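> Structure for this input, please:
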Amino acid sequence: QVQLVESGGGLVQAGGSLRLSCAASGSIVSINRMNWYRQAPGKERELVAGITSSNNTNYADSVKGRFTISRDYAKNTVYLQMNSLKPEDTAVYYCHAEIIVKMLSTYTSSYWGQGTQVTVSS
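Residues are numbered from 1 along each chain as shown. Sure thing, here's the model as predicted:
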């Protein structure tokens, strides 16, 4: 059993900052890629940022230069530092991870967090 638990969402004024955290726990052997997605009302879920086990990162064009993704490997945690927030960043943010799990066998599976609301007021 693996869980992803997010925290750090909230209400902030435009231009402000928030830091999201996502901690993975359970029968984890290792974690490959960790990602942050977001979904605004009436829109499809989109990839915001991703980070590999080699610390290679990628970002959506809309957040480049404002958001930074990072990992703490010892804590199986991924962070998303969000600066210069805009009203259009308002969405539910979801953590996603590709995890190698040890149960009766060892296998790779994809997991999602429950989501955390980020609201940016103008």
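> where does this structure have its least confident helix or strand?
Lowest by mean pLDDT, DSSP states H and E among the helices and strands of the chain is strand 106-112, with a mean of 93.
> Indicate each strand paired with that strand and its parallel or antiparallel sense.
Strand 106-112 pairs in its sheet with strand 91-102 (antiparallel), by DSSP bridges.
> list the buried ones in the least confident helix or strand of the chain?
The neighbour-count check on strand 106-112 (16 or more other C-beta atoms under 10 Å) flags residue 111 as buried. Backbone N, C-alpha and C define where each C-beta goes, glycine included.
> Distance from it to the middle of the chain?
Averaging C-alpha positions (C-alpha atoms, centre = their mean, to the nearest Å) puts strand 106-112 16 Å from its chain's average.
> which other residues reach it?
The set of residues external to strand 106-112 that reach it, using C-beta atoms under 8 Å, 6 or more residues apart in numbering, is 2-4, 24, 29, 32, 94-101.
> Give me the most central residue, this protein.
What sits nearest the mean C-alpha location of the chain, by C-alpha atoms, centre = their mean, is residue 36, with 2.9 Å.
> Good, we can wrap up now.
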